[in-house]
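Trainee: from the sequence below, what's the structure:
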Amino acid sequence: MTTGKKYDYRIIESAGTWRAELTRRATARKTVVSKAQGGFATEADATAWAETELKALLANVHARQQAKK
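Mentor: Have a look, this model is predicted:
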């Protein structure tokens, strides 16, 4: 069994614009897009957005887990 990140992001280029997607591993074979935004002019812009949104998402998940304890 391999271990990997449950939450991650991916950057996709199409028609000269960039799209960033936050992904979550639902099962070993299924990946779900949690949040997405497109229309970025550069890959760096898309990556910066994805990293900040991923940090916010992980902070929210951590807070919810702590509230359950």
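Trainee: show the pLDDT at residue 68.
Mentor: Note on residue 68: pLDDT of 82.
Trainee: what are the phi and psi values for the residue lying closest to residue 25 once chain neighbours are set aside?
Mentor: The spatial neighbour of residue 25 that comes closest, neighbours along the chain excluded (CB to CB, 6 or more residues apart in numbering), is residue 6 at 5.2 Å. Where C-beta positions appear, they are placed from N, C-alpha and C, glycine not excepted. For residue 6, the backbone dihedrals (degrees, to the nearest 10) come out as phi -80, psi -40.
Trainee: residue 6: neighbour count?
Mentor: 11 (other CB atoms under 10 Å).
Trainee: and what of residue 23?
Mentor: Residues near residue 23, counting by other CB under 10 Å, number 19.
Trainee: test my guess that it contacts residue 34.
Mentor: Yes: contact criterion CB atoms under 8 Å: residue 23 and residue 34 qualify, at 6.7 Å.
Trainee: overlap in contacts, the two.
Mentor: Shared contacts of residue 23 and residue 34 (CB atoms under 8 Å, 6 or more residues apart in numbering): residue 7.
Trainee: for the residue minimising distance to the centre of the chain, what are its contacts?
Mentor: Geometric centre of the chain, nearest residue: residue 22, 1.9 Å, by CA atoms, centre = their mean. Residue 22 makes contacts with 7, 8, 9, 33, 34, 35, 36, 50, 53, 54, 57, as judged by CB under 8 Å, 6+ apart.
Trainee: out of those, which is most surrounded?
Mentor: Busiest of those [other CB under 10 Å] is residue 50, holding 24 neighbours.
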